[in-house]
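Chemist: Got a sequence here, can you model it:
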Amino acid sequence: MKLSPYFYDLRSAYQAELDDLVSDSEGNDVLRKRLAEKRNEMAFLVQMMELAPEMVAVVFHRGFRFTKPAALEHLLGLPVNELPDWHSLTHAVALEPWAMSLAQTVLREPQGARFLTVAAGLEYLQQHARLAPAAASHADSDAEDDGEDAAEHDDDYSALSADDAVDPQNSRTREESSANWLADVGFERKE
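Modeler: Presented below is the predicted three-dimensional model:
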């Protein structure tokens, strides 16, 4: 699988958005509560679909069932201007019952059908995190071929499994990765 530059950039933003929702300042697991709050704000959030799709796409976390992975893997390699709309993916992706009303809200918007495609792609990457590092290495080699600096796109989350984002038992790994990243960019470590 090869990620397009669009999904390559969005995958880490999507993962970071999920990571932000996982725990509160005291380290308590609050993902379900925060996702429920975001889902209740869907009518407002649709205004951000084009500007910050990763912030809205988290509303659909665990809201898709992927019946034809090959179709999603093909989709993830397409440039943004060639992404199909949601209706052409219904043979490959199904919505969980609880997500259908949210999808209807999104589909009323001018770019809603394309956004649902993006949300499905991001969630597929998150659920199948083992594909992201391999896809990232393909994208890195492509970026080097294009003369870009692939190091600009590195992130500490590409090696995490899908369950790491929601499993409080793995919070120590996230905390260590976060502390390392902050130290690398010049912040002092917390004791």
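Chemist: where's residue 33 relative to residue 23, distance?
Modeler: 11 Å (C-beta to C-beta, to the nearest Å). From N, CA and C alone the C-beta is placed, and that goes for glycine too.
Chemist: neighbour-wise, which of the two wins?
Modeler: The neighbour comparison of residue 33 against residue 23 (other C-beta atoms under 10 Å) goes to residue 23, with 17 against 12.
Chemist: can you pull up the bridge partners for the more buried one?
Modeler: On the basis of DSSP bridges, residue 23 is bridged to residue 29.
Chemist: Verify the stated contact: it with residue 29.
Modeler: Yes. Under the criterion of C-beta atoms under 8 Å, residue 23 makes contact with residue 29 at 5.9 Å.
Chemist: Quickly find the element holding residue 77.
Modeler: According to DSSP states H and E, residue 77 maps onto no helix or strand at all.
Chemist: does it really touch residue 1, like I thought?
Modeler: Yes. The criterion here is C-beta under 8 Å, and residue 77 meets it with residue 1 at 6.9 Å.
Chemist: Show me the shaky parts of this structure.
Modeler: 129-191 (pLDDT under 70).
Chemist: Residue 14 against residue 57, yeah?
Modeler: Yes. Taking C-beta under 8 Å as the definition, residue 14 is a contact partner of residue 57 at 6.0 Å.
Chemist: tell me, what's touching those two both at once?
Modeler: Counting by C-beta atoms under 8 Å, 6 or more residues apart in numbering, the shared contacts of residue 14 and residue 57 are residue 122.
Chemist: what are the ranges of the helices in the chain?
Modeler: 5-22, 31-40, 42-45, 53-57, 69-75, 100-107, 112-127, 131-145, 171-184 (DSSP state H).
Chemist: Out of those, the one nearest residue 86 is which?
Modeler: In terms of C-beta to C-beta, the element of these nearest to residue 86 is helix 112-127, at 3.9 Å.
Chemist: List the buried residues in stretch 54-71.
Modeler: Neighbour-count burial for stretch 54-71 flags 54, 55, 56, 57, 58, 59, 60, 61, 63, 64, 66, 71 (criterion: 16 or more other C-beta atoms under 10 Å).
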